[in-house]
Each structure stands twice: as structure tokens, then as C-alpha cells.
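Novice: show me the folded form of this:
(one chain, ligands or ions: 3)
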Amino acid sequence: LGAGALAALAGCSGRTGREVLDTFGKLDFRNPLHIPPLAESVVKDGQRVFDLVTQAGQSEIVQGGKADTWGVNGALLGPTLRARRGEDIRINISNSLEVATTLHWHGMRLPAVADGGPHQMVEPGGTWSPAWGIDQPAATLWYHPHPHGETEKHVYKGLGGMFIIDDDEESRLALPRHYGVDDIPVIVQDKTFNAQGQLVESGRVGVGMLGGTVLVNGTAAAVLAVTAEHTRLRLLNASTARSYNFGFSDDRSFTMIGSDGGLLAQPVPLSRIMLTPGERAEIIVAAAPGEKFTLRSFPQCLGVADSRAAEVGAQDKLEILELTAAATLSPSAPIPTQLATMDYPDPALAGDMRMFQLGDNSINSKFMDMDRIDLEVKAGATEAWGVINAHNQPHNFHIHDVQFQILSMDNQPPPPELAGWKDTVYVPPRMTIRLLMRFGEHTDPVIPYMYHCHLLWHEDMGMMGQFLVVE
Ligand code: C2O
Ligand code: CU
Ligand code: CU
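Specialist: Ligands and ions are numbered 1, 2, ... in the order given. Take a look at the predicted model:
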């Protein structure tokens with residue numbers, strides 16, 4: 001299976017998808033898309049400082065009533081954090097929930113003590129103030145809770161948000177970057193609501209919970225008013241279990257400019273982009289004055305047998321976000337033909353490949369144990385990791401602290417949309433994916449980073465391991 005086969009997996013010819021309707025029938029797109037505010041910060045003693053509060057609240061998401069939700073500095077989701085490469089930042093988190101939680105900075109290179117994994121719990125009423133220096137390329141990252149065994153629930157209740165990193169290389173390019181105007185966070189999550197508008201937290205299938213209503217930035221049936229010729233969409237699959245095969249209702253093509261860890265080397269024209277939970281893609285879509293079209297998810301295979309397609313949501317057709325272009329659009333510069341310089345690791349420096357076999361809620365036949373370190377990596381080391389999905393179930397693979405390069409998928413080179421920096425990758429059943437990465441210089445003799453399946457129910461059930469980065 002190579003690039004072609006992967007495209008075939010996504011395309012899954014010959015089957016017709018089932019329309020997923022929201023709780024109250026066919027979606028009537030009418031709600032202005034909520035744009036998460038940019039988090040306020042102050043610069044103090046050379047550090048950019050953010051203040052976040054994890055809190056409970058109520059949100060009216062669908063008709064029928066309010067849902068009990070959790071959010072950061074609000075009732076649902078959280079503000080967009082933004083910082084520039086080279087800055088030192090500190091984030092003060094106060095937990096006003098009645099349960100302990102954490103916030104993890106997904107995709108970030110940072111010391112393990114600041115990572116926000118299951119070893120950095122913030123007790124109810126407690127505070128936690130991780131600090132680190134931003135030292136990685138411009139990218140669309142995100143933050144979400146990571147309490148061991150309860151990550152799915154905490155994300156589903158609404159904790160999370162986007163974290164945008166800027167750098168000089170990206171700033172020099174003629175790309176849409178007016179936040180909330182032509183540069184739009186698109187946080188996609190599916191949830192199920194009852195007739196009273198409350199969140200339903202049950203009904204798991206093989207991959208976890210598949211919701212019947214798709215929200216963007218917490219808005220159901222959302223409409224984005226397009227005001228420029230080009231709009232940059234920062235797509236984030238923040239769902240607990242569902243994968244999306246994104247495209248537009250009229251099959252128009254778009255341009256992918258970035259993956260999980262930053263800009264691609266060159267823009268890639270596409271008509272579909274599949275994102276499994278945790279993955280991101282920055283795309284630019286062009287619109288003509290007065291046009292109306294919809295971002296949606298198309299049926300996909302996910303590499304499972306037909307009989308199991310419903311169990312993984314592979315065949316669902318979902319309407320996600322309506323885009324409505326104004327009668328007059330502000331002009332946009334052509335998309336640059338060269339984007340980022342890629343400083344890929346040298347494969348010759350990697351030693352023996354470490355192998356990770358994804359099984360039934362386990363990795364290498366082991367379930368997550370908070371007290372067991374699964375492996376140690378040397379600071380600055382270049383390593384090759386091989387990930388095999390030996391299970392008849394979709395899984396993906398996420399590694400903390402690093403961005404990796406995909407070397408091969410069943411011995412074939414990755415398709416261009418997977419050729420940039422990644423921190424989370426889809427591993428279809430029976431496929432072997434080889435990754436190459438260079439670890440950072442942050443060491444800690446006792447506090448580990450995590451690697452895991454980002455289908456959060458699988459992670460909670462034990463599909464996670466721990467590694468130390470040591471001197
Ligand atoms: Cu996005 Cu360990 O997580
Ligand atoms: Cu992570
Ligand atoms: Cu999994």
C-alpha cells in the first residue's frame with residue numbers, strides 16, 4: 001500500500017454513504033461560526049504570560065436546551081493561544097472544576113515537566129504554571145486535557161483550544177493571516193445531544209463515541225462569512241474518535257499549505273484531506289463573490305472491512321461548515337510556490353528501528369502503566385520508529401515532544417500531504433509506517449513523555465506508553 005492505495009482507502013469506491021443528520025433532522029445552516037478569541041497575555045520579566053481557568057458552565061449548542069459543558073476561560077472550548085518562535089512563555093492554569101484535570105500542549109517541543117500529560121494533574125482549586133521557550137517552526141498546534149483514563153470524557157465535555165505558533169519564515173510569506181477574517185480556526189468535534197440539549201456521554205462503538213452532530217468551534221450548523229478571495233482554514237480534528245475525509249460540497253479543489261508541525265515545503269493541490277483525531281491541516285480555499293459551498297466529510301474506508309464500516313463511522317456523510325462569500329471580496333495574493341525549508345533529520349544517524357505494534361487497546365502487548373517507563377531516548381538523538389497496526393481496527397499514533405517525518409507507508413513513500421512535519425499519523429489496519437525524528441534537548445531523569453493512539457477511548461483503555469529523554 002503506497003500513496004495510491006492510501007488514496008483508495010480514503011475514496012472507498014462502490015459504497016454509498018449514509019447521511020448523518022443532527023439530533024433534530026437535516027441541518028439548517030444558520031449559526032454564525034464562533035471564532036475563539038485570542039488569549040490575552042502580558043509580557044513580564046521577559047516572559048509572555050497567559051492566564052487560563054478550567055471551568056464548568058452551560059452552553060446552548062442545539063435547540064432544546066443547554067448542555068453542561070467544560071471550557072477554558074468560558075463555558076466551552078477555550079481561547080486561541082498565540083506565541084512567536086524565540087519567546088519564553090508561561091501559562092498559569094487554575095482549575096475551578098470539581099475534578100482534577102491537565103492541559104497538554106499537543107505538538108509542542110518542551111520540557112516534560114511542562115508537557116501537561118497525566119503526570120501533571122491540576123487538582124480542583126489548584127494551579128499549575130508551566131513555562132518554556134518556543135523553539136519550533138510556525139504551526140497550528142492545540143491544547144487539550146490528558147488525565148489518564150479520562151481524556152475522552154474531559155475533551156468531550158469541551159476542554160481544549162488552538163495554539164498558533166508564528167515565526168519569521170512564515171511571516172515573510174504572502175499568506176492569509178488576519179485571524180478571524182481570512183485565517184480561521186476550524187476545530188471540528190462531533191457530539192450527541194438529547195432532546196433537552198444535554199450532551200450524551202454513552203454509546204461507544206469500536207473506535208469510541210461517534211456523535212450525531214458536528215460542531216465547529218463549538219457551533220452547530222455553522223456558517224462562515226467569507227470576505228476575501230482566499231481563506232486559510234486551520235483544520236483541527238479535535239474529535240474523540242471520528243475521522244473526517246474533508247472536502248467541499250461542489251468538489252472544488254483547495255491548496256494544503258501546512259500539516260501538524262508547520263508549513264509544507266510546497267503547496268499541495270487536493271480535493272480531499274483525511275484527518276484522524278489530533279491531526280491538523282492548514283488549507284487555503286478560493287471563493288468567488290456570492291458563492292455558497294459547504295465543508296463536509298466524505299465517505300472513506302479507513303482500511304476496515306465493509307461489515308465494520310459503521311462501527312468506525314467510515315461511511316458517514318457529514319455537513320460541517322457552510323461558507324458564504326460576500327458580493328465583494330477583498331483581493332488575496334497568489335499562494336507562494338515555496339513555503340518552508342524542511343530541516344529533516346539524517347536517516348543515516350538513526351540506529352536500529354524501534355518497533356511499536358498496535359493491538360487491542362495495547363502497544364507491544366502492554367497496557368499503559370503510569371509507573372512503567374517503556375523506553376529511554378537520548379537528548380538530540382535521531383531515531384527511526386516503526387508502527388504496525390496488527391489489529392482489525394483503525395488506530396493512529398501520536399508522539400509527544402517531537403515532530404516526525406513519515407519515511408514510508410508499507411515501504412512506499414508518503415503522499416505529498418503526509419510529507420511534512422507530523423506528530424500524529426493514521427495507521428490503517430495491517431499497515432506498517434516508518435517514522436524518522438530528532439528528539440529535543442530537554443531532559444528529565446524521571447518525568448516521561450507519552451506516545452499513544454489518539455482515539456481517546458483507546459488511549460484511556462491503555463493504548464499508551466511512556467518514554468524518557470535523558471542525557
Ligand atoms: Cu493530543 Cu498525548 O495528546
Ligand atoms: Cu500530544
Ligand atoms: Cu486506537
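Novice: drop to CA atoms for contacts and neighbour counts, all remaining ones
Specialist: Fine.
Novice: Tyr449 pairs with what?
Specialist: On the basis of DSSP bridges, Tyr449 is bridged to Phe467.
Novice: what about the residue in the stretch 101-250 of the chain that ligand 2 sits nearest to, neighbour count?
Specialist: Using Cα to the ion, the single residue of the stretch 101-250 of the chain nearest to ligand 2 is His106, 3.6 Å away. As a burial measure, His106 scores 27 neighbours (other Cα atoms under 10 Å).
Novice: in contact with it, which residues?
Specialist: 141-144, 400 (Cα atoms under 8 Å, 6 or more residues apart in numbering).
Novice: next: Gln403.
Specialist: Gln403 neighbours (Cα under 8 Å, 6+ apart): 107, 260-261, 421-423, 437-438.
Novice: can you redo the residues you listed as a markdown table with secondary structure?
Specialist: Output for the contacts of Gln403, formatted as a markdown table (DSSP: H, G, I helix; E, B strand; the rest coil):
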| residue | secondary structure |
| --- | --- |
| Gly107 | coil |
| Asp260 | coil |
| Gly261 | coil |
| Trp421 | coil |
| Lys422 | strand |
| Asp423 | coil |
| Met437 | strand |
| Arg438 | strand |
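Novice: for those, which one is nearest Met463?
Specialist: Asp423 (16.5 Å; Cα to Cα).
Novice: ok, and the closest non-adjacent residue to the closest one?
Specialist: Gln403 (4.9 Å; Cα to Cα, 6 or more residues apart in numbering).
Novice: contact residues of this structure facing ligand 2?
Specialist: 106, 400 (Cα under 5 Å from the ion).
Novice: so can I have TSV of the contacts of His106 showing neighbour count and secondary structure?
Specialist: Below are the contacts of His106 laid out as TSV (neighbours: other Cα atoms under 10 Å; DSSP: H, G, I helix; E, B strand; the rest coil):
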residue	neighbour count	secondary structure
Leu141	27	strand
Trp142	25	strand
Tyr143	23	strand
His144	26	strand
His400	24	coil
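Novice: what's the closest of these to Val223?
Specialist: The closest of the contacts of His106, once distances to Val223 are taken by Cα to Cα, is Trp142, at 22.6 Å.
Novice: for that closest one, which non-adjacent residue is spatially closest?
Specialist: Met162 is the one closest to Trp142 (Cα to Cα, 6+ apart), at 4.1 Å.
Novice: name the helices or strands packed onto the helix or strand hosting the one you found?
Specialist: Under the criterion of DSSP states H and E, Met162 resides in strand 161-166. Judged by 3 or more Cα pairs under 8 Å, 6 or more residues apart in numbering; DSSP states H and E, the packing partners of strand 161-166 are strand 81-84, strand 139-144, strand 183-191.
Novice: what's the most buried one of those?
Specialist: A comparison of these by mean neighbour count, using mean count of other Cα atoms under 10 Å, puts strand 139-144 on top with a mean of 26.
Novice: near ligand 1 at all, it?
Specialist: No: Strand 139-144 lies out of reach of ligand 1 by Cα under 6 Å from any ligand atom, never closer than 6.6 Å.
Novice: so how far is that strand from its chain's centroid?
Specialist: 7 Å (Cα atoms, centre = their mean, to the nearest Å).
Novice: and what of stretch 84-102?
Specialist: 19 Å.
Novice: swap in stretch 417-432?
Specialist: The chain centre lies 13 Å from the centre of stretch 417-432; the measure is Cα atoms, centre = their mean.
Novice: same question, stretch 97-116
Specialist: The answer for stretch 97-116 is 15 Å, by Cα atoms, centre = their mean.
Novice: could I get the average pLDDT for it?
Specialist: Averaged over stretch 97-116, pLDDT sits at 98.
Novice: now that stretch: buried residues?
Specialist: Under the neighbour-count criterion of 16 or more other Cα atoms under 10 Å, stretch 97-116 has 97, 100-116 buried.
Novice: show me the residues you listed that map onto strands.
Specialist: Of the buried residues of stretch 97-116, the ones assigned to strands by DSSP state E are 104-106.
Novice: quick check: pLDDT value at the residue nearest to Asp423.
Specialist: In this model, Gln403 carries a pLDDT of 98.
Novice: can you check Leu1 too?
Specialist: Leu1 is assigned 45 on the pLDDT scale.
Novice: what's the answer for the one 3 residues further on, then?
Specialist: The predicted structure scores Gly4 at 55 on the pLDDT scale.
Novice: likewise Cys12?
Specialist: 51.
Novice: what do you get for Phe29?
Specialist: pLDDT, Phe29: 71.
Novice: what number of residues lie near it?
Specialist: Phe29: 17 neighbours (other Cα under 10 Å).
Novice: I'd say it and Ala225 touch.
Specialist: No: here Phe29 does not reach Ala225: they are 12.0 Å apart, not a contact under Cα atoms under 8 Å.
Novice: burial measure for whichever residue of the chain sits closest to ligand 3, as a count.
Specialist: Nearest residue of the chain to ligand 3: His395, at 3.6 Å (Cα to the ion). His395 has 29 neighbouring residues, counting by other Cα under 10 Å.
Novice: mind giving me the packing neighbours of the longest strand along the chain?
Specialist: Longest strand in the chain, counting residues (DSSP E): strand 316-330. Here strand 316-330 touches strand 18-19, strand 213-216, strand 222-228, strand 292-297, going by 3+ Cα pairs under 8 Å, 6+ apart.
Novice: contacting residues around the second one?
Specialist: Meaning strand 213-216. So strand 213-216 is contacted by 20-23, 33-34, 186-193, 220-222, 318-321 (Cα under 8 Å, 6+ apart).
Novice: restricted to buried residues, select the residues you listed in PyMOL.
Specialist: Buried subset of the contacts of strand 213-216, written as a PyMOL selection, criterion 16+ other Cα under 10 Å:
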select buried, resi 20+21+22+23+33+34+186+187+188+189+190+191+192+193+220+221+222+318+319+320+321
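Novice: how close does Leu263 sit to Ser271?
Specialist: 18 Å (Cα to Cα, to the nearest Å).
Novice: so these two - more neighbours on which side?
Specialist: Shown here are Leu263 and Ser271; by other Cα under 10 Å, Leu263 has more neighbours (26 against 15).
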